[in-house]
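# The amino acid sequence is not available; the structure is as follows:
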């Protein structure tokens, strides 16, 4: 019964994976088309809008592109919105976040407001005898003696190095926010159980979600016996990703799950968990696959090792990162229709088209937010389940006495 | 790939790792463990309650059956007792009738016997009195008869004549 259920989940998972790929394909197609469109339109209209004004309002396709590129990157201050006042000055509304750096002269901290919203390496902040500049959302330390940043042809800095940046960036701020929210929401739910067996209020919304993760993700993939010890991780990761995905759709513009570093950390957690909890059977099947000719076994071992240590975590981290980033790019591009097509479609037409498409993609993105959290958790559970699965049943033998692959091993084919 | 690597921030990676460990640890301690424990407890509780309800239902049915059976038994017993009482009553009446009859018969017999004996005594008494009377009469008659010689002779002759006839 347990295996048949797993089979069902394999099919299920395959579908998701398929769906996942489909979305990715769609998204990349949309992005390509849009970029083409923007390129054509901008070539027709010329560069009138992007001329001169460096820090001006977002106009024209190049500035849109730049804005989107800037948005999907992490940032060192919490920027809400910008406007140009009557004197023609550009004003930014938001609040600075602390910058914490490990430079060649030790730990350095200052507020991000020191950079004065500069992102092109022009403002130099001097602390502890080191000079720092911010360039494309990254903080660089200038080499000894340098006073300005020199750039090569591809606009890479030639006389500055990246520093280890432990700043409370916007992403870290988002992580802290979500962590705090989760802790408050779920510990209040946990406290409710002390007095009553059925929670009330917000807990009534959270409880089915917890039960869903436990019954639909943890139990079927890991098994009734061992699911308990991994449920904590799976629940945390599921809600962490889901809430952050949803937070990314708000106008605050968080893009935490679209940061490679964040998804990499999540994927490596899963990797560590299934590697540490893997049982004898798991290692046996990975390093010395039973039931195949001895000569093939080392080759299989290489493939299996690569699968377990590279492909699985890489697929986890790229899937989440790419889906969320693509979603943000598409969503922002659709909003940008409002500015880019203003000339051809008229203000009302461009706005209407933009709002219509944005709302459609937003609905899809809300679905994707859940879907990606589900897929990440589900795959983590599946990988853990494969590592701890007990082969307590005899392998089936065919007529020649070779071992037939049992149902459980087949699951690996779907990943 | 190059932009991917360029975008990768080691600092953010380390911060995220540390924060994730903290969040997982805190969530497990303060949220997931109590929540999952309570949920599991509640689920087993519900299961047990359902089983208990099922058992109680079965018990109730048994009890009902027992009650019905006992009622039936009590009714039957009452019936039997009533029947017995009726029988006893009838038997007693019959017995007393018999007894009375026997007693009456006995008394009648006794009375008859007493009457018989009284009668016999009376008859005997009467007999003796009649005999005495007869003797005294006979004496007086004889005395009368045998008062002269003629008379005596006449009597003898007569008697003799009787004997001849015989």
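Sure thing, it's come through. Only a predicted model underlies this, so the values are computations on that prediction, with no experimental measurement involved.
# contacting residues around stretch A:68-77?
Stretch A:68-77 is contacted from outside by A:94-97, A:99, A:112-113, A:115, A:117, A:119, A:134, A:136-137, A:139, A:167, A:169-171, A:253, A:255, A:258-259, A:325, A:328-329, A:332-333, A:336, B:7, B:9, B:12, using Cβ atoms under 8 Å, 6 or more residues apart in numbering or on different chains. Every residue, glycine included, has its C-beta placed from N, CA and C.
# try it again with 6 Å
A:94, A:96-97, A:99, A:112, A:137, A:167, A:169-171, A:253, A:255, A:258-259, A:325, A:328-329, A:332 (Cβ atoms under 6 Å, 6 or more residues apart in numbering or on different chains).
# cool, stretch A:305-321 as well?
Residues outside stretch A:305-321 that contact it (Cβ under 6 Å, 6+ apart): A:257, A:260, A:263, A:264, A:267, A:271, A:372, A:376, A:383.
# The residues you listed: which ones sit near chain B?
With Cβ under 6 Å from any Cβ of the partner chain as the criterion, these include residue A:260 near chain B.
# Where neighbours are concerned, which of the contacts of stretch A:305-321 has the most?
residue A:257 (30 neighbours; other Cβ atoms under 10 Å in any protein chain shown).
# show me the contacts for that residue.
Counted by Cβ under 6 Å, 6+ apart, residue A:257 has contacts A:241, A:244, A:245, A:320, A:324.
# how close does it get to chain B?
11 Å (Cβ to the nearest Cβ, to the nearest Å).
# Could you pull out the buried residues of the strand or helix carrying residue A:171?
Here residue A:171, judged by DSSP states H and E, is contained in helix A:170-195. Residues A:170-175, A:177-179, A:182-183, A:185-190, A:192-193 are the ones in helix A:170-195 that count as buried (16 or more other Cβ atoms under 10 Å in any protein chain shown).
# can you list the residues of chain A near chain B?
Residues of chain A lying close to chain B (Cβ under 6 Å from any Cβ) are A:164-166, A:172, A:175, A:179, A:183, A:186-187, A:190, A:193, A:197, A:210, A:231-232, A:235-236, A:260-262, A:265.
# residues from chain B in reach of chain A?
So far as Cβ under 6 Å from any Cβ goes, chain B lies against chain A at B:4, B:7-9, B:11-13, B:15-17, B:19-20, B:23-24, B:26-28, B:30-32, B:34-36, B:38, B:42.
# Only whichever of these are buried, select them in PyMOL.
Per 16+ other Cβ under 10 Å, the buried members of those correspond to this PyMOL selection:
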select buried, chain B and resi 7+9+11+12+13+15+16+17+19+20+23+24+26+27+28+30+31+32+34+35+36+38
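# just checking, residue B:98 is part of a helix?
Yes. Using DSSP: H, G, I helix; E, B strand; the rest coil, the secondary structure at residue B:98 is a helix.
# quick one: secondary structure of the closest residue in space to residue A:115 that isn't next to it in sequence?
Nearest residue to residue A:115, sequence neighbours excluded (Cβ to Cβ, 6 or more residues apart in numbering or on different chains): residue A:134, at 4.7 Å. What three-state DSSP gives for residue A:134 is strand.
# Count residues in the vicinity of residue A:134, would you?
Neighbours around residue A:134, by other Cβ under 10 Å: 25.
# What's opposite it in the beta bridge?
According to DSSP bridges, the residues that bridge with residue A:134 are residue A:139.
# how close does residue A:389 sit to chain B?
Between residue A:389 and chain B the computed distance is 22 Å (Cβ to the nearest Cβ).
# Take the contacts of stretch A:305-321 and keep only those in helices.
Counted as lying in helices by DSSP state H, out of the contacts of stretch A:305-321, are A:260, A:263, A:264, A:267, A:271, A:372, A:376, A:383.
# from those residues, which single one is nearest chain B?
Distance to chain B, by Cβ to the nearest Cβ, is smallest for residue A:260 among those, at 4.7 Å.
# wait, what's in contact with the closest one?
Residues in contact with residue A:260 (Cβ under 6 Å, 6+ apart) are A:321, B:4, B:7, B:8.
# The helix or strand hosting residue B:125: what's the following helix or strand?
Element membership of residue B:125, judged by DSSP H and E, is helix B:33-145. Once the chain leaves helix B:33-145, the next helix or strand it forms, by DSSP H and E, is helix B:149-165.
# which other residues reach the helix or strand bottoming out on mean pLDDT in chain B?
Least confident helix or strand of chain B, by mean pLDDT, DSSP states H and E, is helix B:2-7 with a mean of 72. Helix B:2-7 is touched from outside by residue A:260, with contacts defined as Cβ under 6 Å, 6+ apart.
# What ranges in the stretch 51-200 of chain A fall below the confidence cut-off?
Along the stretch 51-200 of chain A, segments meeting pLDDT under 70 span A:51-59.
# what do you get if the cut-off is 50, keeping everything else the same?
Low-confidence segments of the stretch 51-200 of chain A (pLDDT under 50): A:51-55.
# Over to residue A:201. Which of the three states is it?
Using three-state DSSP, the structure places residue A:201 in coil.
# And stretch A:196-213, what's buried?
Judged by neighbour count (16+ other Cβ under 10 Å), stretch A:196-213 contains these buried residues: A:199, A:203, A:206, A:207, A:210, A:213.
# Would you mind confirming that the third one is in contact with residue A:189?
Spelled out, it's residue A:206. Yes. Using Cβ atoms under 6 Å, residue A:206 is in contact with residue A:189, at 5.1 Å.
# Centre of the chain to the helix or strand residue A:314 falls within, how far?
Residue A:314 belongs to helix A:312-340 when assigned by DSSP H and E. Its chain's C-alpha centre and that of helix A:312-340 lie 9 Å apart, by Cα atoms, centre = their mean, to the nearest Å.
# Now do the same for that helix: mean pLDDT, whole number.
Over the span of helix A:312-340, the pLDDT mean works out to 91.
# Let me see the confidence value for residue A:255.
The predicted structure scores residue A:255 at 89 on the pLDDT scale.
# For it, give me the backbone phi and psi.
Main-chain torsions, residue A:255, degrees, to the nearest 10: phi -130, psi 60.
# And the one 3 residues further on, by the same measure?
The phi and psi values for residue A:258, taken as degrees, to the nearest 10, are phi -100, psi 10.
# residue contacts, it?
Counting by Cβ under 6 Å, 6+ apart, residue A:258 touches A:72, A:324, A:325, A:328.
# Please repeat the previous calculation with a cut-off of 8 Å.
Contacts for residue A:258 (Cβ under 8 Å, 6+ apart) come out as A:72, A:248, A:321, A:324, A:325, A:328.
# Identify the contacts common to residue A:206 and residue A:189.
The contact sets of residue A:206 and residue A:189 overlap at residue A:199 (Cβ under 8 Å, 6+ apart).
# Now the terminal residues of stretch A:194-208, how far apart.
Using Cα to Cα, to the nearest Å, the end-to-end distance of stretch A:194-208 comes to 18 Å.
# quick revisit: pretty sure the residue nearest to residue A:115 contacts residue A:123?
Yes. Residue A:134 is within contact range of residue A:123, at 7.3 Å (criterion: Cβ atoms under 8 Å).
# which residues are in contact with both of these two?
With Cβ under 8 Å, 6+ apart, residue A:134 and residue A:123 have common neighbours residue A:115.
# related to what we said a few turns ago, what is the most widely separated pair among the contacts of stretch A:305-321?
Greatest spatial distance among the contacts of stretch A:305-321 (Cβ to Cβ): A:260 and A:383, at 19.9 Å.
# List the residues that contact the nearest residue to residue A:341 once chain neighbours are set aside.
Of all residues not flanking residue A:341 in the chain, residue A:350 sits nearest, at 4.2 Å (Cβ to Cβ, 6+ apart). Residues near residue A:350 by Cβ under 8 Å, 6+ apart: A:337, A:338, A:339, A:340, A:341, A:342, A:344.
# Residue A:238 too?
So residue A:238 contacts A:213, A:217, A:373, A:374, A:376, A:377 (Cβ under 8 Å, 6+ apart).
# Does it belong to a helix, a strand or coil?
helix.
# and the residue lying closest to it once chain neighbours are set aside, what does it touch?
Spatial nearest neighbour of residue A:238, chain neighbours left out: residue A:377 (4.1 Å); criterion: Cβ to Cβ, 6+ apart. By Cβ under 8 Å, 6+ apart, the residues touching residue A:377 are A:213, A:217, A:234, A:237, A:238, A:241.
# Many thanks, I have nothing further to ask.
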